[in-house]
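Visitor: I would like to see how this sequence folds:
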Amino acid sequence: MQIEDMVRAVQEKLGVGVDGRAGPQTWGAIYKRIVDRSSPPDLALTEVSDLTNQRSEKVIATLHARVQPYARALYFKAREHGITINIISGTRTYAEQDALYAQGRTRPGNVVTNARGGYSNHNFGIAFDIGLFERNQYLGESPMYKAIGALGVELGLEWGGNWKTLVDQPHYQLRPAWASNLTERQMLAELRERVAAGTDVFA
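Guide: Numbers count the residues shown, from 1 in each chain. I've put the predicted structure just below:
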């Protein structure tokens, strides 16, 4: 059997587009079937040996397993549009969050967050931040953040650029289904309770 015929057979079995080429959709379906059954089948994932890059993967590894495929998918969606991003911030402990909160208040530096430990989605593995890069130079501000934001929303992520009180364009998060009708404050309160009880935040 030729390779293309084998790929077509796999694609038919997985229920994805049948063209004989193992592209992102095919690899995403394979990844979901074999590795992560909780992630949506249409996320743009590549084979495990060529996920994102070492820097981003180190951060992605800190995220909840349910969120990791979304971070990778955003990375590749941006790349498909000629935009280079890295995943630069993932899960933080309460202590790390408190240290960030102290910056610009009781510690030197500028204020970077209004959230104490336990009051940021980063504390629960459901949020990550991206950095935009051009010729290996980090861009703190760029209109392209809005373009990436649109891609993230398409994937089903919440984008900090749509927030009204504290706009945070590099920020993305995956809201658990049980929190779909909750305010951000209510969701965070429930997340704290779940972590304290040892319950999975997506259960």
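Visitor: show me what the residue nearest to P170 when sequence neighbours are not counted is bridged to.
Guide: With sequence-adjacent residues excluded and distances taken as CB to CB, 6 or more residues apart in numbering, P170 is closest to D129, at 4.5 Å. Placement of C-beta: from N, CA and C, glycine included. Following DSSP bridges, D129 is listed with bridge partners S89, H171.
Visitor: ok, D129 touching H171?
Guide: Yes: using CB atoms under 8 Å, D129 is in contact with H171, at 5.4 Å.
Visitor: check contacts around the spatially most central residue of the chain.
Guide: By CA atoms, centre = their mean, the mean C-alpha position of the chain lies nearest to A71, the distance being 3.0 Å. A71 makes contacts with 52, 56, 59-60, 63, 87, 90, 128, 172, as judged by CB atoms under 8 Å, 6 or more residues apart in numbering.
Visitor: next structured bit after the lowest-mean-pLDDT helix or strand in the chain?
Guide: Each helix and strand of the chain was given a mean pLDDT (mean pLDDT, DSSP states H and E); the minimum falls on helix 24-34 at a mean of 61. Heading C-terminal from helix 24-34, the first helix or strand you meet, by DSSP states H and E, is helix 54-60.
Visitor: which positions within that next one qualify as buried?
Guide: 56-57, 59-60 (16 or more other CB atoms under 10 Å).
Visitor: and these, which two are the farthest apart?
Guide: Farthest-apart pair in the buried residues of helix 54-60 is E57 and V59; separation 7.4 Å (CB to CB).
Visitor: which residues of this structure fall in helices?
Guide: Using DSSP state H, the helices of the chain run over 3-14, 24-34, 54-60, 68-80, 94-102, 144-155, 184-197.
Visitor: quick check: domain ranges of the chain?
Guide: If you go by automatic domain parsing, the domain ranges for the chain are 1-50, 52-197.
Visitor: make CSV out of the contacts of A71 and add pLDDT and distance to L188.
Guide: As requested, the contacts of A71 are exported to CSV (pLDDT from 0 to 100; distance: CB to CB, whole Å):
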residue, pLDDT, distance to L188
T52, 69, 28
S56, 94, 26
V59, 97, 21
I60, 96, 22
L63, 97, 17
I87, 97, 22
G90, 98, 17
F128, 98, 17
Y172, 98, 16
